[in-house]
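> what follows is a predicted protein model with its sequence.
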Amino acid sequence: MLAWTIYLSFLGALAALLAGNKRPQAVRIIALLTTVAGLGIATAAVVQYQPGETLTIARLPWIPQFGVEYYLAADGISLVLVLLTGIAATAGVLFSWNIERRTGEFFAFYLTLIGGVYGVFLSFDLLLLFVFYEIAIIPKYFLIAIWGSAQQSSARGQSGALREYAAMKLALYSFAGSGLVLAGILAAWVVGGGKTMGLEALAHTDFPAHFQMWVFPLVFVGFAVLAGMWPFHTWAPGGHAAAPTGASMLLAGVVMKLGAYGCLRVAMTLFPQGLAPWGFHVLGLGSWRDVFALLALIGIVYGASVALVQRDFKLVIGYSSVSHMGFVLLGLMTLNQVGLDGAVLQMFSHGVIAGLLFAVVGRMVYDRTHTRDLNELAPMHLARVIPFAAVVFVLAAMASIGLPGFSGFIAEFQVLLGVWQAMPWMTAVAGFGILIGVAFTWRAMTKAFFTATPNSPATHHLPPITWPERLGAFLLLGATLAVGFYPRLLIDLILPSLNSPLFDGLRNAGGWR
């Protein structure tokens with residue numbers, strides 16, 4: 001049934017396109033039914049899954065002369081991210097209920113992106129994974145360039161150009177990263193004998209150590225570009241800020257996870273010896289593991305520091321995503337069980353929390369006030385005018401800074417514990433990044449919602465929060481609270497998969513317990 005998450009998304013995209021732009025309500029219902037069905041299938045798969053097994057969903061010859069198959073499968077890591085995709089996709093439709101312009105085309109691109117994301121998480125053939133990866137990239141350009149918004153300070157005549165600039169920058173960065181990934185995949189196929197592109201077969205291929213040493217950074221960087229790794233992160237804040245609400249929710253919620261997933265599933269699984277010491281040191285760095293851990297650490301502190309001084313509300317959340325994705329990449333570089341488990345859990349947690357933050361800022365606030373400038377929002381009494389938005393943002397902010405009871409706490413705690421075991425000095429720097437995160441979150445929250453004095457009159461009258469928005473908020477809040485209070489819901493899926501034969505090479509490289 002899991003394959004139908006892909007098929008239904010593409011069929012829904014076709015149905016939305018055929019429904020046309022003159023029947024927006026019908027298109028919205030098609031999109032909602034499609035994403036709810038995907039979420040239902042993902043939930044059923046998670047409930048029925050036996051921890052540690054790898055489910056074969058479909059396996060058919062595709063290009064047999066090159067050993068390429070249409071091979072769909074899933075383990076616990078895949079299922080966690082498929083579940084995240086279902087949650088984020090459904091919430092994104094609910095928060096895009098107000099789309100009136102070219103509605104059919106909007107949801108056609110939206111659902112095509114979702115189908116590509118499902119495909120990446122379920123592909124166990126490298127060429128198939130790459131095809132779905134590209135399918136997920138293409139719709140992002142159109143969603144931002146056509147339905148996006150420019151920064152508040154831009155002139156009206158420049159807004160379209162700025163949207164297109166942000167969309168083009170995102171697409172170019174993505175395709176550049178894809179080029180590196182494709183080169184690495186083809187190199188692995190050639191060196192592996194040119195007989196298969198199956199993930200499991202290549203994971204157990206004994207690639208020469210010198211080959212792994214140069215192809216690992218190639219593939220890792222190619223995927224990490226989409227994960228927002230510093231210094232290749234510059235597409236992310238502008239792309240988030242320019243995207244319409246539903247698209248920014250997907251961009252932060254699941255598209256950035258494609259990059260992190262590729263880093264783990266492809267680069268680290270196939271080329272674990274690429275993480276081994278070089279045998280010499282450059283500026284104190286003795287391996288690619290040291291290099292990428294340092295870049296992740298810089299991303300954590302840099303993203304949080306830049307978010308601290310932003311006036312554009314959406315850019316605050318955009319830079320915070322760079323910071324939080326740094327924890328994912330840092331967790332991967334720990335090469336121990338607790339750190340890797342925390343990294344996958346952080347993928348899910350950040351996907352839900354970032355989606356909720358963008359929903360509040362983009363849909364509940366910006367679409368009503370038509371400004372994202374924190375200084376302009378300050379006197380609007382938003383906590384009294386739209387109290388539901390204020391309450392949801394406070395809860396999402398508490399989840400974002402890692403308050404116990406939310407998914408962000410257990411995810412970042414495990415990452416920090418893994419870092420402490422592997423690279424103790426980095427724990428203090430990462431912890432400092434968390435403190436800056438508390439500062440920028442508190443600043444944005446108080447300026448946007450709680451700056452006005454209690455006795456000053458509320459002069460702004462804004463439309464009330466709609467039921468689709470409320471349902472979307474409840475869905476995302478429920479997800480982060482459920483995992484926060486009972487993290488074993490996901491940990492029991494992730495840990496057995498990390499201990500499966502697929503990760504034998506990585507376990508030996510990391511030597512984790």
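That came through, no problem.
> SS state for His461?
Put simply, His461 is coil when judged by DSSP: H, G, I helix; E, B strand; the rest coil.
> contacts for the strand ranked longest in the chain, please.
Looking across the chain with DSSP state E, the single longest strand is strand 55-63. Residues outside strand 55-63 that contact it (Cβ atoms under 8 Å, 6 or more residues apart in numbering) are 2-3, 45, 49, 68-75, 122, 125, 127-128. C-beta: built from backbone N, CA, C; applies to glycine.
> got a PyMOL select line for the buried ones in the residues you listed?
Per 16 or more other Cβ atoms under 10 Å, the buried members of the contacts of strand 55-63 correspond to this PyMOL selection:
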select buried, resi 2+3+45+49+68+69+71+72+73+74+75+122+125+127+128
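> buried set for the longest strand of the chain?
55, 57, 62.
> just the residues contacting the next helix or strand after that strand, thanks.
Per DSSP states H and E, strand 55-63 leads on to strand 68-74 as the next helix or strand towards the C-terminus. Contacts to strand 68-74, defined as Cβ under 8 Å, 6+ apart, come from residues 2-3, 6, 45, 49, 54-62, 82, 121-125, 127-128, 196-199.
> convert the C-alpha atoms of the longest strand of the chain to PDB, please.
Only the C-alpha atoms of strand 55-63 are listed here, as PDB (Å, rounded to 0.1, in the frame of the first residue of the first chain):
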ATOM      1  CA  LEU A  55       9.500  -4.000   3.600                       C
ATOM      2  CA  THR A  56       9.800  -4.700  -0.100                       C
ATOM      3  CA  ILE A  57       6.900  -2.700  -1.700                       C
ATOM      4  CA  ALA A  58       7.600  -3.100  -5.400                       C
ATOM      5  CA  ARG A  59      10.600  -4.600  -7.300                       C
ATOM      6  CA  LEU A  60      10.500  -4.800 -11.100                       C
ATOM      7  CA  PRO A  61      13.100  -4.600 -13.800                       C
ATOM      8  CA  TRP A  62      13.300  -1.000 -15.200                       C
ATOM      9  CA  ILE A  63      16.600  -0.700 -17.200                       C
END
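> okay, angle between that strand and strand 68-74 too, please.
Relative orientation of strand 55-63 versus strand 68-74 (axes from the mean of the first three to the mean of the last three Cα atoms, to 10 degrees): 170 degrees.
> how far off centre is strand 55-63?
Here strand 55-63 is found 26 Å from its chain centre; the criterion is Cα atoms, centre = their mean, to the nearest Å.
> quick one: strands adjacent to that strand?
strand 68-74 (antiparallel) (DSSP bridges).
> and the very next helix or strand once past the partner strand, average pLDDT?
Following strand 68-74 in sequence order, the next helix or strand is helix 76-94 (DSSP H and E). Regarding helix 76-94, the rounded mean pLDDT is 93.
> and the strands in the stretch 351-500 of the chain?
For the stretch 351-500 of the chain, applying DSSP state E, counting those that start in this stretch gives no strands.
> all helices of the stretch 101-250 of the chain, in order?
With DSSP state H, counting those that start in this stretch as the criterion, the stretch 101-250 of the chain has helices at 103-122, 126-147, 159-191, 199-203, 209-224, 235-242, 245-250.
> Leu403: which of these is closest?
helix 245-250 (21.4 Å; Cβ to Cβ).
> tell me what that closest one is packed against?
If you count contacts as 3 or more Cβ pairs under 8 Å, 6 or more residues apart in numbering; DSSP states H and E, helix 245-250 packs onto helix 76-94, helix 103-122, helix 126-147, helix 337-358.
> so how far is the second one from its chain's centroid?
A distance of 15 Å separates the centroid of the chain from that of helix 103-122, by Cα atoms, centre = their mean.
> cool, the third one as well?
Computed by Cα atoms, centre = their mean, the separation of helix 126-147 from the middle of its chain amounts to 14 Å.
> what about Leu94, neighbour count?
Burial measure for Leu94: 27 neighbouring residues, criterion other Cβ atoms under 10 Å.
> kindly apply the preceding question to Ala16 instead.
28.
> contacts only, for the closest residue in space to it that isn't next to it in sequence.
Nearest residue to Ala16, sequence neighbours excluded (Cβ to Cβ, 6 or more residues apart in numbering): Phe107, at 4.1 Å. Residues near Phe107 by Cβ under 8 Å, 6+ apart: 12-13, 16, 27-28, 30-31, 93, 96, 99.
> now with 6 Å, please.
Phe107 makes contact with 16, 27, 31, according to Cβ atoms under 6 Å, 6 or more residues apart in numbering.
> Ser174 now?
Contacts for Ser174 (Cβ under 6 Å, 6+ apart) come out as 137, 226.
> just the one 3 residues further on next, same as before
Under the criterion of Cβ under 6 Å, 6+ apart, the contact list for Gly177 reads 222, 225-226.
> quick one: Gly326 and Ile298 touch, right?
No. Counting by Cβ atoms under 6 Å, Gly326 does not reach Ile298; the two are 7.8 Å apart.
> okay, those two: which has more neighbours?
Neighbours around Gly326 and Ile298, counted as other Cβ under 10 Å, are more numerous at Gly326. The numbers are 29 against 17.
> of all the helices of the stretch 101-250 of the chain, which one is nearest Asp373?
Proximity to Asp373 (Cβ to Cβ) singles out helix 235-242 among these, at 12.1 Å.
> show me what the closest one is packed against.
Under the contact criterion of 3 or more Cβ pairs under 6 Å, 6 or more residues apart in numbering; DSSP states H and E, helix 235-242 touches helix 159-191, helix 313-333.
> can you list these in JSON lines and add distance to Pro208?
Formatted as JSON lines, the helices and strands packed on helix 235-242 follow (distance: least, Cβ to Cβ, whole Å):
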{"stretch": "helix 159-191", "distance to Pro208": "7"}
{"stretch": "helix 313-333", "distance to Pro208": "23"}
